[in-house]
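Chemist: got a sequence here, can you build the structure:
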Amino acid sequence: MRYVCSISFLLFLLTLGQTLMSHAAAPYIDPATDAEHWGPADPSKTLFWTPAQQVAGYRNMEKLSPARRIPASTAPSALPEAPVDLSGVRFVYDGVEMTVEQYCAEGSVAGLIVLQNGAVAYERYGLGNDQSTRWAPWSVAKSITSLLVGAAVRDGYIESVDDKVVDYLPRLRESAYAGVTIRNVLHMASGVAWNEDYVDPQSDVNRAPWGTLSLQRFLRDKGAAAGPGTVFNYNTAESNLVGTLLRAAIGNNLSTYLYEKIWQPVGMETDAYWTLTEPGGGEFGGCCLSITLRDYARIGLFALREGRLEDGMQVLAEGWMRDATQPSPAAPEYGYLWWLRGDGSYRASGVFGQGISIHPQEGIVIALNSARSNASTPEDSARQEALFTALANALVGAE
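Modeler: Sure, this is the predicted structure:
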């Protein structure tokens, strides 16, 4: 197979925090014609995929780069239907009123699902997607990695998040990571110097290699910019390092562990794929899963149940979700690779309009797939949050 998108460029793409392109809304693409659209072959142009290339590429990532399959559960969990027409729900952002349906059209939404009390209240697809379509969640994978760390703590592979990173990754022992804890890296507050300027070709995010060992060698040479746990610094390498640490702790790959701890017992209905750092290699913790929208929602339900299965069996360490969604001392909006809203709700978020929004008090989970034209802007993020809030409020009001 010829891989048309390098791993390093995929990982660069998923971390974007600025507007790097702007083009028309993504079109409907017949999945049967995806191979005609998903290029280009030149990985240097991946950031500038056309809308059609975004749609075809995002739902075929396992065909573009080496990936490991995570089989569907042998006992898929049911998602009962309790339909509520939310398409006409209105909300206002920045003085502009729009409906949910208008947001979906203008935001190039490929899928939106809303669950309340475990039942599907609303579900819609666009751009040629349906319930069986896998989609790239980008940095939503960070929050899934956080769940796996919680499982590893319960299983005893990791004694405590206050363990030192170097206890698991000894190659970093003679580096600025010497005093950094797992908790620090989950909070993206290691204090290790890192420049995530996407438009500067000399920044760390643009120069760092993306192989497992080569990334550690790169990070070993970084100095300290602050004390551990004191300063939040969004750091793509940090979340990838969490995945490498987790693989070292469990002595296995992340895909197998995800299958054993979540995919099979939670009851995911569709195969997933996790992109590898190199053919036959491991997975980074910061990105590159391909998952169906309904299984996104099941991940949200699992988090909503605080890491328990439907029968009450605990999979994550006791109190893990409570701790994971507590504000970091360095950033009140961030927990253990989860974004916090300050009202008890929290979310997993990925560039180009991906997300899982979890509202524990209301029993609501919202999952979103998009092919937005901008990777991430403050305006897009705020509008997406306004959408999530409006949907949750509408369901609460309908009770």
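Chemist: residue ranges for the helices of the stretch 251-399 of the chain, please.
Modeler: With DSSP state H, counting those that start in this stretch as the criterion, the stretch 251-399 of the chain has helices at 254-258, 264-266, 293-304, 320-324, 378-398.
Chemist: how many residues are close by the spatially closest residue to residue 197 that is not a sequence neighbour?
Modeler: Spatial nearest neighbour of residue 197, chain neighbours left out: residue 203 (4.1 Å); criterion: CB to CB, 6 or more residues apart in numbering. Glycine gets a C-beta too; all of them are placed from N, C-alpha and C. Applying other CB atoms under 10 Å, we find 14 residues neighbouring residue 203.
Chemist: how close does residue 203 sit to residue 236?
Modeler: 11 Å (CB to CB, to the nearest Å).
Chemist: what sits against the residue nearest the centre of the chain?
Modeler: Centroid-nearest residue in the chain: residue 140, 0.9 Å away (criterion: CA atoms, centre = their mean). Applying CB atoms under 8 Å, 6 or more residues apart in numbering, we find residue 140 in contact with 289, 296, 348, 349, 350, 354, 355, 356.
Chemist: residue 309 and residue 298 touch, don't they?
Modeler: No. The criterion here is CB atoms under 8 Å, and residue 309 misses it with residue 298 at 11.1 Å.
Chemist: among those two, which residue is more densely surrounded?
Modeler: residue 298 (27 against 15).
Chemist: what pLDDT does the more buried one get?
Modeler: Each residue has a pLDDT score; the one for residue 298 is 98.
Chemist: now the strands for the stretch 101-250 of the chain?
Modeler: Remark: strands assigned in the stretch 101-250 of the chain by DSSP state E, counting those that start in this stretch are 109-116, 119-125, 134-135.
Chemist: turn those strands into TSV, columns for mean neighbour count, mean pLDDT and distance to residue 392.
Modeler: As requested, the strands of the stretch 101-250 of the chain are exported to TSV (neighbours: other CB atoms under 10 Å; pLDDT from 0 to 100; distance: least, CB to CB, whole Å):
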stretch	mean neighbour count	mean pLDDT	distance to residue 392
strand 109-116	25	98	8
strand 119-125	18	98	10
strand 134-135	24	98	22
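Chemist: okay, the ones you listed in CSV with distance to residue 397 next?
Modeler: CSV is the format used below for the strands of the stretch 101-250 of the chain (distance: least, CB to CB, whole Å):
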stretch, distance to residue 397
strand 109-116, 12
strand 119-125, 12
strand 134-135, 30
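Chemist: to residue 212, which of those lies closest?
Modeler: When the strands of the stretch 101-250 of the chain are compared by CB to CB, strand 134-135 sits nearest residue 212, at 24.3 Å.
Chemist: ok, and what's touching that closest one?
Modeler: 58-59, 61-62, 110-111, 129, 270-273, 290-293, 354, 369.
Chemist: just checking: what are the partner strands of it?
Modeler: Sheet pairing for strand 134-135, assigned by DSSP bridges, gives strand 289-292 (antiparallel).
Chemist: what sits against residue 118?
Modeler: Shown in contact with residue 118 (CB under 8 Å, 6+ apart): 79, 80, 301, 363.
Chemist: before we move on, what about residue 257?
Modeler: Neighbouring residues of residue 257 by CB under 8 Å, 6+ apart: 148, 151, 152, 246, 250.
Chemist: what about the helices in the stretch 1-150 of the chain?
Modeler: Assigned by DSSP H, counting those that start in this stretch, the helices in the stretch 1-150 of the chain fall at 7-14, 51-58, 61-64, 100-106, 140-155.
Chemist: got those helices as a markdown table, with mean pLDDT and distance to residue 256 columns?
Modeler: Listed next are the helices of the stretch 1-150 of the chain as a markdown table, based on pLDDT from 0 to 100; distance: least, CB to CB, whole Å:
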| stretch | mean pLDDT | distance to residue 256 |
| --- | --- | --- |
| helix 7-14 | 40 | 19 |
| helix 51-58 | 91 | 25 |
| helix 61-64 | 89 | 16 |
| helix 100-106 | 95 | 36 |
| helix 140-155 | 97 | 11 |
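Chemist: now render those as a markdown table, adding distance to residue 118.
Modeler: As requested, the helices of the stretch 1-150 of the chain are exported to a markdown table (distance: least, CB to CB, whole Å):
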| stretch | distance to residue 118 |
| --- | --- |
| helix 7-14 | 30 |
| helix 51-58 | 27 |
| helix 61-64 | 29 |
| helix 100-106 | 21 |
| helix 140-155 | 18 |
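Chemist: now for those helices, which one comes closest to residue 74?
Modeler: Using CB to CB, these put helix 140-155 closest to residue 74, at 19.4 Å.
Chemist: before we move on, back to that, buried ones among the contacts of residue 257?
Modeler: 148, 151, 152, 246, 250 (16 or more other CB atoms under 10 Å).
Chemist: just those now: which is nearest residue 103?
Modeler: Checking the buried ones among the contacts of residue 257 one by one against residue 103 (CB to CB), the nearest turns out to be residue 148, at 31.9 Å.
Chemist: how close does the closest one sit to residue 313?
Modeler: 17 Å.
Chemist: so, low pLDDT: which residues of this protein?
Modeler: Low-confidence segments of the chain, defined by pLDDT under 70: 1-24, 39-47, 198-199, 399.
Chemist: contacts only, for the residue lying closest to residue 314 once chain neighbours are set aside.
Modeler: The shortest distance from residue 314 to any non-neighbouring residue, by CB to CB, 6+ apart, is to residue 308 (5.5 Å). For residue 308, the contacting residues are 302, 314, 315, by CB under 8 Å, 6+ apart.
Chemist: right, I'll call it a day here.
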